[in-house]
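1. Structure of the sequence below:
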Amino acid sequence: MVFHTDNGCCGFQKGKQVCMKFDGIRKINEGKFISRYDLYYTTADDRKKTYEIISRNNNITTEEQIRNPGPDGVVIIATDRSGMRILLNREFRLSVDAYIYNFPAGLIDEGETPEVAAARELREETGLSLIQIDDRLNDSYSAIGFANETIAVVIGKAAGTFARSSSTLEEIDARWYTRAEVRELLKTERFAARTQAYCYLWSREEQA
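-> Below you'll find the predicted structure:
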């Protein structure tokens, strides 16, 4: 079934207004955790465009739902009490069949706030406690090229003793890293994109 709307997404290009008109959406496949959809648009020069996306929402029927007010999950950016070491997971990710460096993260359970989910996910993945929350960033999209998943970012400090993930479905080695150690990792190791960008800037702060 294809759902339609008369709304469009207007912008400006070379001084003139242009509109990409949303024509509808069709669910192609529903999986256990994600569903795939085709989105249908008409471009400003009247060309038809089909765009494939995946979503954690298995029942999208409106344009507003595509934008996904969310958030679906949370990312935790944590340093130790001194602020001189940052927490990173070296985690095996099945989607790329490899170990990558990433911040602790996970889905927000029903009824949880991002802050509560951050503390829970941090404890489950690393054994550490979230002892201080310094900030929370506005929700953002985690993979804008093909998914509408939205993520909250919680920034703070963690402490405690490292422990293995509480789930055998996860392989995580969580550790503290200094700025110098992060700079070396960035030269050779694969990172999640958000983690790589933040770590690059954080690792160079003392050089400014």
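2. send the alpha carbons of stretch 66-78 over as PDB?
-> Taking Å, rounded to 0.1, in the frame of the first residue of the first chain, the C-alpha atoms of stretch 66-78 are listed here in PDB:
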ATOM      1  CA  ILE A  66       9.700   9.600   8.100                       C
ATOM      2  CA  ARG A  67      11.300  12.500   9.800                       C
ATOM      3  CA  ASN A  68      11.200  10.500  13.000                       C
ATOM      4  CA  PRO A  69      10.900  12.800  16.100                       C
ATOM      5  CA  GLY A  70      12.600  10.000  18.100                       C
ATOM      6  CA  PRO A  71      15.000   9.400  19.600                       C
ATOM      7  CA  ASP A  72      15.500   5.700  19.000                       C
ATOM      8  CA  GLY A  73      18.800   5.300  20.800                       C
ATOM      9  CA  VAL A  74      21.500   7.000  22.900                       C
ATOM     10  CA  VAL A  75      25.200   7.500  22.500                       C
ATOM     11  CA  ILE A  76      27.300   8.100  25.600                       C
ATOM     12  CA  ILE A  77      30.500  10.300  25.400                       C
ATOM     13  CA  ALA A  78      32.200   9.900  28.800                       C
END
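3. Other residues contacting that stretch?
-> Here stretch 66-78 makes contact (C-beta atoms under 8 Å, 6 or more residues apart in numbering) with 25, 39, 53, 55-57, 60, 86-87, 103-108, 114, 117-118, 121-122, 128, 130, 139, 141-142, 148-158, 194, 198. C-beta: built from backbone N, CA, C; applies to glycine.
4. Averaged pLDDT, that stretch. What do you get?
-> On average, the pLDDT along stretch 66-78 is 95.
5. tell me the contacts of the residue positioned nearest the centre of the chain?
-> Centroid-nearest residue in the chain, with C-alpha atoms, centre = their mean: residue 142, separated by 3.4 Å. Residue 142 makes contact with 73, 149-151, 194, according to C-beta under 8 Å, 6+ apart.
6. tell me the strands in this structure, going along the chain?
-> 2-3, 8-13, 16-30, 35-42, 48-55, 73-79, 85-93, 98-102, 105-107, 129-141, 150-159, 172-178 (DSSP state E).
7. and among these, the most buried is which?
-> strand 73-79 (a mean of 24; mean count of other C-beta atoms under 10 Å).
8. what's the angle from it to strand 172-178?
-> Orientation of strand 73-79 against strand 172-178 (axes from the mean of the first three to the mean of the last three C-alpha atoms, to 10 degrees) gives an angle of 40 degrees.
9. could you point out the longest helix in this protein?
-> helix 114-126 (DSSP state H).
10. other SSEs contacting that one?
-> Packing partners of helix 114-126 (3 or more C-beta pairs under 8 Å, 6 or more residues apart in numbering; DSSP states H and E): strand 73-79, strand 85-93, strand 105-107, strand 129-141, strand 150-159, strand 172-178.
11. Give me the distance between the shortest one and the centre of its chain.
-> Think strand 105-107. Centroid separation for strand 105-107 versus its chain: 8 Å, with C-alpha atoms, centre = their mean, to the nearest Å.
12. domains of the protein?
-> Split into domains by automatic domain parsing, the chain comes to 2-67, 73-207.
13. follow-up on the earlier one: what are the contacting residues of the longest helix of the chain?
-> 71, 73-74, 76, 78, 87, 89, 104-109, 112, 128-130, 133, 136, 152, 154, 156, 158, 162-163, 165-167, 170, 172, 174.
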